[in-house]
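Undergrad: Next come a sequence and a model predicted from it.
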Amino acid sequence: MSLLEVFWLDVLLPQVLARLTLKDCFNLRCVSRDFRTLIDLHLHALKVLKILNRRCFPKESFQVLSLCEKIAVLNFSKCNFLSDDLLIPFLSQNKNITSVNLSNCQNITARSIQPLILHCNLRVLKLSRCTWLTPGAIEALSLHQSSLEEIDLSYCSFSSDGCLIILFKKFRNIKILSLEGVPQIGDRCVYAIAKFLSSIKHLNIACCHKVTDIGIGYIADSCWNLESLAVRTCVRVSEKSLAPIRKRKILVDRRPNSQTLPMFLQLSQIQAFIR
């Protein structure tokens, strides 16, 4: 009995091909017409697609992925071969995507995520270090999506923090939020997080140098489901605000210290600005 004589739908597809890498599938697809048909069936039913850290990817090979129409989890992080011309058609035909990671994809634009915003029901969105991300894209996301639970916008930069506050107001069920290195994040944004995302579990605001003890105090007072807080290199955050958080057994990525820094913003000013 040859491999191709084994039941395709009951054995080969779920038990064998599911364990192969994408490279293995492409190699197997080149063996014969029957194997090509088998791999095409596999790609058509594929629900998880991960292509990571690729500078180049033959256009002809990527076109084979047009067979994928049922992707739910997509990870193209650090894929600098991607362009709008490649990505937009692919996303347009995969309307079941719930989790997407396009972090560090430098050669696409905000236009490429329009199909995701308009047609998918996203729960996880990771766009770390996507310098092309615009406030308009964030506002469109807030307008058309409703189910996001995890967002990573680390090291993205915006003209103001207004679009981020709109985001927090809309997605109040966010459990994991990473805003590491976003220069616009300060106490005003942290206050909005505490006010609208009270059920958040994991918050990363490391390298956000505008955040002070006042902002961390908002988190301590409002976010009672918090499990971890990242504030490394937040130079205006001291142990004065972190101590109450540590007492609740929340994981903090900084060792305890006795440093106390002045509070730079008044609570009344920030609250008035949010309203």
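TA: Good, I have the coordinates.
Undergrad: how many other residues sit next to the closest residue in space to F57 that isn't next to it in sequence?
TA: If the residues on either side of it in the chain are set aside, F57 comes closest to F81, at 4.4 Å by CB to CB, 6 or more residues apart in numbering. From N, CA and C alone the C-beta is placed, and that goes for glycine too. For F81, the count of nearby residues is 16 (other CB atoms under 10 Å).
Undergrad: start the count at 482, not 1, going forward
TA: All right, first residue 482 from here; so that's F562.
Undergrad: the helices in this protein, which residues?
TA: Remark: helices assigned in the chain by DSSP state H are 503-510, 514-526, 540-545, 565-573, 595-600, 616-625, 643-651, 668-677, 694-703, 720-728, 748-755.
Undergrad: what's the angle between the longest one and helix 503-510?
TA: Interaxial angle, helix 514-526 versus helix 503-510 (axes from the mean of the first three to the mean of the last three CA atoms, to 10 degrees): 140 degrees.
Undergrad: Restrict helix 514-526 to CA atoms and write it as CSV.
TA: Extracted C-alpha coordinates of helix 514-526, given in CSV (Å, rounded to 0.1, in the frame of the first residue of the first chain):
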residue,chain,number,x,y,z
ARG,A,514,-0.1,15.5,-9.4
ASP,A,515,-1.8,13.3,-6.8
PHE,A,516,0.4,14.8,-4.0
ARG,A,517,-0.4,18.2,-5.4
THR,A,518,-4.1,17.5,-5.2
LEU,A,519,-3.6,16.2,-1.6
ILE,A,520,-1.7,19.3,-0.5
ASP,A,521,-4.2,21.6,-2.2
LEU,A,522,-6.9,20.0,-0.1
HIS,A,523,-4.8,20.5,3.0
LEU,A,524,-4.3,24.2,2.3
HIS,A,525,-7.9,24.7,1.5
ALA,A,526,-8.9,23.3,5.0
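Undergrad: returning to that earlier point: format the helices of the chain as CSV; extra columns: distance to P737, mean pLDDT and mean neighbour count.
TA: As requested, those are exported to CSV (distance: least, CB to CB, whole Å; pLDDT from 0 to 100; neighbours: other CB atoms under 10 Å):
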stretch, distance to P737, mean pLDDT, mean neighbour count
helix 503-510, 46, 93, 15
helix 514-526, 51, 94, 16
helix 540-545, 50, 91, 12
helix 565-573, 45, 96, 17
helix 595-600, 41, 97, 18
helix 616-625, 35, 96, 17
helix 643-651, 29, 96, 19
helix 668-677, 21, 97, 22
helix 694-703, 14, 97, 21
helix 720-728, 6, 95, 16
helix 748-755, 25, 46, 12
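Undergrad: Please consider this matter closed, and thank you.
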